[in-house]
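Enquirer: Give me the fold of what follows.
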Amino acid sequence: MRTTILFIVIIMLSFYQSAQAQQTDTLSIRQQDIVFIASTTAQGELDSLKISLARGLDNGMTVNEIKEVLVHAYAYCGFPRSLRALQTFMEVLNERKAQGIIDTIGRDASPVTGSQDKYTRGAELLEKLSGAPKDAPKTGYAAFAPVIEQYLKEHLFCDIFERNLLTWQERELATVSILSAMGKGVEPMLKSHSAICLRQGITESQLQQMAAIVNGLRKGDDPFALGTLMPDNPNFTDKAWLQGYVAPQDGFGCTVANVTFAPGCRNSWHSHKGGQILLCTSGKGYYQEKGKPIQLLLPGNVVKIAPDVIHWHGAAPDSEFTHIAIGTQLDKGGVTWLEPVTDEEYNSYKEK
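Expert: The predicted structure follows:
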């Protein structure tokens, strides 16, 4: 437990120090506090949440602003997580008071008045937030269960989002932090709210920093971060997550990234001018070179791909698959994408 808490503190200090160095295109200290508080609330890691709450107070967030983040969280990770977070916050405040620390309560949310009904106000707010027209035909869950769509408009986007203790941008940053911390199963919501974040002025680099914070807090055996869900890509058949570590501009002549494929996901046939190395870390995957049979990949396998060799790789049908991808000799050129791998090609693997 102490090791976990120390690890959290180290992660937090590294991000705060980077912000204090006034680097451009990074999350502010306040934004980082919101990410830490929202994500640890969603995870239910109460010891880590205590650290996040105390750090937020020390960095100038008011009691009411932090409470607003915790209340906002219930709409995305549920009442139990939100209530436990509020109870934990009460403990933190009492402990600090016993130590002689008097925290600033801060202002309350301004009263909201409007002549329109809550559904209309919520629909109009959502339109401004996301850019999606409020009068679009109801589809999917909204058509299947109209009452949930009514609750979303009236309660979430009217009652909650109209409260002015947090900006829309801060609420969306909290939302994507919560959804990222929840992990698999909420990818469509994470994707849509990430798009709203971008619309509200959060940059891609800031979203990547958010993901790095959340993944740094996530427990697990894999020491490398899962990364962010890749946007729809014609060269990938299903969901894949990417976390970059070394970029071309870093000057090492290579790239290094952690790539996770959902079960059954594979990329298209392609080649690399300078070659590539794959270090397999978890799950079960496939690798195939043009004209050769599929090779099964397991943790610990290393694949050395020579320059200009046409190949593909991805997950087996029944397993996720993760590898570290190292792009080598970048001065010779990048990747050349070719045609998709057919189902017949993908299903041609034969166990030995």
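Enquirer: Correct me if wrong, but residue 109 is in a helix.
Expert: No - membership of residue 109 in a helix is not supported by DSSP: H, G, I helix; E, B strand; the rest coil, which gives coil.
Enquirer: Burial check on the closest residue to it other than its chain neighbours, number of neighbours?
Expert: Spatial nearest neighbour of residue 109, chain neighbours left out: residue 163 (4.1 Å); criterion: Cβ to Cβ, 6 or more residues apart in numbering. For glycine as for every other residue, the C-beta is placed from the backbone atoms N, C-alpha and C. Number of residues near residue 163 (other Cβ atoms under 10 Å) recorded here: 17.
Enquirer: dump the residue contacts of residue 163.
Expert: When contacts are counted by Cβ atoms under 8 Å, 6 or more residues apart in numbering, residue 163 touches 68, 109, 112.
Enquirer: Residue 295: neighbour count?
Expert: For residue 295, the neighbour count with other Cβ under 10 Å is 15.
Enquirer: which residues does it bridge with?
Expert: Partner residues in beta bridges with residue 295, using DSSP bridges, are residue 287.
Enquirer: Surely it and residue 286 touch.
Expert: Yes - under the criterion of Cβ atoms under 8 Å, residue 295 makes contact with residue 286 at 7.1 Å.
Enquirer: Please report the number of neighbouring residues for the closest residue to residue 306 other than its chain neighbours.
Expert: Leaving aside its chain neighbours, residue 306 sits nearest to residue 275 (5.5 Å; criterion: Cβ to Cβ, 6+ apart). Using other Cβ under 10 Å, residue 275 has 17 other residues around it.
Enquirer: what do you get for the one 10 residues further on?
Expert: Using other Cβ under 10 Å, residue 285 has 27 other residues around it.
Enquirer: Find the nearest non-adjacent residue to it, please.
Expert: Leaving aside its chain neighbours, residue 285 sits nearest to residue 321 (3.4 Å; criterion: Cβ to Cβ, 6+ apart).
Enquirer: how about the one you found, what does it touch?
Expert: Taking Cβ under 8 Å, 6+ apart as the test, what residue 321 contacts is 260, 261, 280, 282, 283, 284, 285, 286, 297, 314, 315.
Enquirer: go with 6 Å
Expert: For residue 321, the contact set (Cβ atoms under 6 Å, 6 or more residues apart in numbering) comprises 261, 283, 284, 285, 315.
Enquirer: So in terms of bridging, what pairs with it?
Expert: In this entry, residue 321 is beta-bridged to residue 261, residue 283, by DSSP bridges.
Enquirer: of the contacts of residue 163, closest to residue 181?
Expert: Ranked by distance to residue 181 (Cβ to Cβ), these are led by residue 68 at 18.0 Å.
Enquirer: which residues of the chain fall in helices?
Expert: Here the chain has its helices, by DSSP state H, at 2-20, 29-43, 46-58, 63-77, 79-98, 118-130, 140-144, 146-151, 168-182, 187-199, 204-217, 343-346.
Enquirer: what helices or strands is the fourth one leaning on?
Expert: Read it as helix 63-77. Helix 63-77 sits against helix 29-43, helix 79-98, helix 168-182, with contacts defined as 3 or more Cβ pairs under 6 Å, 6 or more residues apart in numbering; DSSP states H and E.
Enquirer: nearest to residue 123, of those?
Expert: Of all those, it is helix 168-182 that lies closest to residue 123, at 15.2 Å by Cβ to Cβ.
Enquirer: Against which helices or strands is that closest one packed?
Expert: Applying 3+ Cβ pairs under 6 Å, 6+ apart, one finds that helix 168-182 makes contact with helix 29-43, helix 63-77, helix 187-199, helix 204-217.
Enquirer: Need those in JSON lines (columns: distance to residue 349, mean pLDDT and mean neighbour count).
Expert: Shown next, in JSON lines, are the helices and strands packed on helix 168-182 (distance: least, Cβ to Cβ, whole Å; pLDDT from 0 to 100; neighbours: other Cβ atoms under 10 Å):
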{"stretch": "helix 29-43", "distance to residue 349": "37", "mean pLDDT": "93", "mean neighbour count": "26"}
{"stretch": "helix 63-77", "distance to residue 349": "39", "mean pLDDT": "97", "mean neighbour count": "22"}
{"stretch": "helix 187-199", "distance to residue 349": "27", "mean pLDDT": "94", "mean neighbour count": "17"}
{"stretch": "helix 204-217", "distance to residue 349": "31", "mean pLDDT": "81", "mean neighbour count": "20"}
